[in-house]
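> Need the 3D shape of this:
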Amino acid sequence: MDCGQAFSCLKGFLCRQLLFIIWLSSFQAAASMQPLLDKSHVSYTSELANPPITGLFDPIEISPAVIPPIPYPDESLPPLYPTFPTTYEPNLTGRCPVNFSALSSIMVKTASDCSQPLAAFVGNVICCPQLGSLLHIFQGYYNSNSDSLVLQTAVANDCFSDIISILASKGANSTIPMLCSVKPSNLTGGSCPVKDISSFEKMVNTSKLLEACSAVDQLKECCRPVCQPEIMKAALLISGTQMTVNENKNIVGQPMQIDTMNDCKEVVYSYLSRKLPEDDANNAFRILSSCKVNKVCPLEFKQPLEVIKACRNIAAPSPSCCSTLNTYIAGIQKQMLITNKQAIICAMEFGSMLRKGGVMTNIYELCDVDLKDFSIQRCLLRSLPTDVILDNSTGFYGFMCDLTDNIAAPWPSSSSMSSLTLCAPEAEMSVPKLPSSERQKSTGCHSQALELSLPIFSFLVFITLLYY
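Below is the predicted model of the structure:
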C-alpha cells in the first residue's frame, strides 16, 4: 500500500490533521462505565429514564476499512462487530409542552458531542459549549408564541429533565448536568428583572444587537469582539445595575450584581434564539463559548515539588530532571483533551509555577516538551468550535486533532501570567507561530504513517483501560 492509499493527506510532509477514531461497541453487553447522577441529591433528574447497561469492548482493528462484513445481517450481532450507540425511547415527564421533534437536529448534534464515554474528555471544549447552546435555543423556542423570554420554575424543572432524558436516549452521557454545571434555573432568567420581550425591546437597541450577532466571525470575534460587547451592553441595561469593566474586559461588581448580570445574559441569549435561525444562533453561541474557554487553562496542576527539586539548579539536559518532568506531565496528560490555545496557556501557567519554585532554566527546551504533551495522547483540538462526528456506516465517533507542527511549549519570561495574550495585531484567531521542534523531522512516508496510526490505537487502548 503506497502513501496515497494509506493516508491521502500525506504528501511528503506531516499530515496537518488527524481523525481520532474511538470505537464504542456493544453497549448492551458490558458493565456500566459511568455512574448515573445521584437522584437523591439531584432532584431534577428524578424523571430520567434508566438507560440500558453500557460498556466497552476491546477494539479488534484500527481502521474501519478492515472491519469484516456482517455475514447474517438479520441475526443479532456478536460482540466483535461494532454497533451503534444504544438508543431507546426516553421516559418524559409529560409536563413540558414542547414539540421536541422540531429541535431534533440540534438535539442529535448535542447527544453526539456529549456521547459516552467521550463527554468527560471533551466536555470543556465540545460537549458543554454545545449543551449550553442547546439550552439557549430551547429557551427561545419554548416561548416563541408568547411575550416571555424565560420559563417558570416548575416548567423549567420538567423541561430540563426531558431534555437530559432525550439526550441520554440518543447516546449522550447522562451525567452531563454535573459535568457542565447546568441546572433548570438556567432556563428561568434567575434574578434578572426583565424577562419579557416588550420590556426588553423598550430598553435595548435590538437592531444593533441582532446585527452584531447574526453572523459572528469565528476568526475575529475572540480578539476583535463585535457580538460580545452588544450582549454585555444589553445585559447591563436590563439588569439595572451599575458595574464597570476592568482592563481585562471582565465585569467588576458585587457577587450579587454579577449573578444578576449573568442571569440577564441568559435572557439576552433567549432573545437572540427567538430572532435568529437555529443554525445561526448555534454557530454564534458556539463561537462565543470558544472565546471564553480559550482564555483559561482547564487543567488542574498539583504542586510540582518533585520537579522543582530535580530541576532547580540545572543548566543543561539532566536525565533526572527530564524523567521527573515527563512523569509529572504524563499525569496531567490524562485529564482531558484541550485546544491549541489552551495548551499555550497551560504551558505558561505550569512554567510560572516552576519559576516561582526556583526553576529558572527553560526545562521545556532541555527536555523536549511540546504543546501537544499537555493533552490526552498528544491530541490538540483546534481553538475554533468543533463537533464530535458519528459515522453512521461504521458506528465510530471521531474528531479532528490539530497537528500543524510540533510546537515547542513556551517558557514564561517571569513567574507572572498577567502579560500573556494570544491576540496579536495580525494573527487574529490563529495560534502564535512558535518555533517548530527540530527533533522530529520527516524521514519518509512510512515513518509518517506510523506516527499517525499509533496514537489512534493507543487512544483506543487508553479509553478501554480507563473504564475497566
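> thinking Ser165 is in contact with Gly94, fair?
No. Using CB atoms under 8 Å, Ser165 is not in contact with Gly94, being 11.4 Å away. Backbone N, C-alpha and C define where each C-beta goes, glycine included.
> higher neighbour count, these two?
Set Ser165 next to Gly94 and count neighbours by other CB atoms under 10 Å: Ser165 wins out with 22 against 9.
> which SSE is that one in?
Remark: Ser165 resides in helix 153-169, with elements defined by DSSP states H and E.
> ok, then the element right after that helix?
Sequence-wise, the next helix or strand downstream of helix 153-169 (DSSP H and E) is helix 176-180.
> what is the mean pLDDT for that next one?
Averaging pLDDT along helix 176-180 gives 95.
> Report the backbone C-alpha coordinates of the helix holding Ser165 in PDB.
Taking Å, rounded to 0.1, in the frame of the first residue of the first chain, the C-alpha atoms of helix 153-169 are listed here in PDB:
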ATOM      1  CA  THR A 153     -39.600  27.300  37.700                       C
ATOM      2  CA  ALA A 154     -41.900  24.300  37.700                       C
ATOM      3  CA  VAL A 155     -41.900  24.000  33.900                       C
ATOM      4  CA  ALA A 156     -38.200  24.600  33.800                       C
ATOM      5  CA  ASN A 157     -37.600  21.600  36.100                       C
ATOM      6  CA  ASP A 158     -39.800  19.300  33.900                       C
ATOM      7  CA  CYS A 159     -38.400  20.600  30.600                       C
ATOM      8  CA  PHE A 160     -34.800  20.300  31.800                       C
ATOM      9  CA  SER A 161     -35.400  16.700  32.900                       C
ATOM     10  CA  ASP A 162     -36.900  15.900  29.500                       C
ATOM     11  CA  ILE A 163     -34.000  17.500  27.600                       C
ATOM     12  CA  ILE A 164     -31.500  15.400  29.500                       C
ATOM     13  CA  SER A 165     -33.600  12.300  29.100                       C
ATOM     14  CA  ILE A 166     -33.800  12.700  25.400                       C
ATOM     15  CA  LEU A 167     -30.100  13.300  25.100                       C
ATOM     16  CA  ALA A 168     -29.400  10.200  27.200                       C
ATOM     17  CA  SER A 169     -31.700   8.200  25.000                       C
END
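> just checking, what packs against that helix?
Counting contacts by 3 or more CB pairs under 8 Å, 6 or more residues apart in numbering; DSSP states H and E, helix 153-169 packs against helix 104-113, helix 128-142, helix 176-180.
> Tell me where the stretch 151-300 of the chain has helices.
For the stretch 151-300 of the chain, applying DSSP state H, counting those that start in this stretch gives helices covering 153-169, 176-180, 197-203, 206-213, 227-239, 255-275, 278-293.
> Of those helices, which is nearest Phe396?
helix 153-169 (20.0 Å; CB to CB).
> And the strands in the chain, which stretches?
Chain-ordered strands for the chain, with DSSP state E as the definition, fall at 17-23, 244-245, 251-252, 338-339, 380-381, 389-391, 396-402.
> before we move on, back to that, give me the angle between the helix holding Ser165 and helix 128-142.
Following axes from the mean of the first three to the mean of the last three CA atoms, to 10 degrees, one obtains 130 degrees for the angle between helix 153-169 and helix 128-142.
> relative orientation of helix 153-169 and helix 104-113 in degrees?
Relative orientation of helix 153-169 and helix 104-113, computed by the same axes, to 10 degrees: 60 degrees.
> and Asn262, what is it in contact with?
By CB atoms under 8 Å, 6 or more residues apart in numbering, Asn262 lies in contact with Gly190.
> Please save the CA atoms from stretch 93-112 in PDB.
Only the C-alpha atoms of stretch 93-112 are listed here, as PDB (Å, rounded to 0.1, in the frame of the first residue of the first chain):
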ATOM      1  CA  THR A  93     -42.400  13.900  32.300                       C
ATOM      2  CA  GLY A  94     -45.300  14.800  30.100                       C
ATOM      3  CA  ARG A  95     -45.400  18.200  31.700                       C
ATOM      4  CA  CYS A  96     -43.200  20.100  29.200                       C
ATOM      5  CA  PRO A  97     -45.400  21.400  26.400                       C
ATOM      6  CA  VAL A  98     -42.800  21.400  23.600                       C
ATOM      7  CA  ASN A  99     -42.700  19.600  20.300                       C
ATOM      8  CA  PHE A 100     -39.100  18.200  20.700                       C
ATOM      9  CA  SER A 101     -39.100  16.900  17.200                       C
ATOM     10  CA  ALA A 102     -38.800  20.400  16.000                       C
ATOM     11  CA  LEU A 103     -35.500  20.600  17.800                       C
ATOM     12  CA  SER A 104     -34.300  17.100  16.600                       C
ATOM     13  CA  SER A 105     -31.300  18.400  14.600                       C
ATOM     14  CA  ILE A 106     -29.700  20.200  17.500                       C
ATOM     15  CA  MET A 107     -30.600  17.500  20.000                       C
ATOM     16  CA  VAL A 108     -28.800  14.900  17.800                       C
ATOM     17  CA  LYS A 109     -25.800  17.200  17.500                       C
ATOM     18  CA  THR A 110     -25.700  17.700  21.200                       C
ATOM     19  CA  ALA A 111     -26.100  14.000  22.000                       C
ATOM     20  CA  SER A 112     -23.200  13.200  19.600                       C
END
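> low-scoring pLDDT stretches of this protein, where are they?
Scanning the chain for pLDDT under 70 picks out 1-85, 241-256, 392, 394-395, 403-405, 416-421, 424-468.
> What about the residue nearest to Leu92 when sequence neighbours are not counted, how many residues nearby?
Among residues not flanking Leu92 along the chain, Asp162 sits closest, at 4.8 Å (CB to CB, 6 or more residues apart in numbering). Look at Asp162: counted by other CB under 10 Å, it has 22 neighbours.
> one step back: mind putting the helices and strands packed on helix 153-169 in CSV, distance to Glu278 and mean neighbour count included?
Output for the helices and strands packed on helix 153-169, formatted as CSV (distance: least, CB to CB, whole Å; neighbours: other CB atoms under 10 Å):
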stretch, distance to Glu278, mean neighbour count
helix 104-113, 6, 20
helix 128-142, 6, 24
helix 176-180, 20, 20
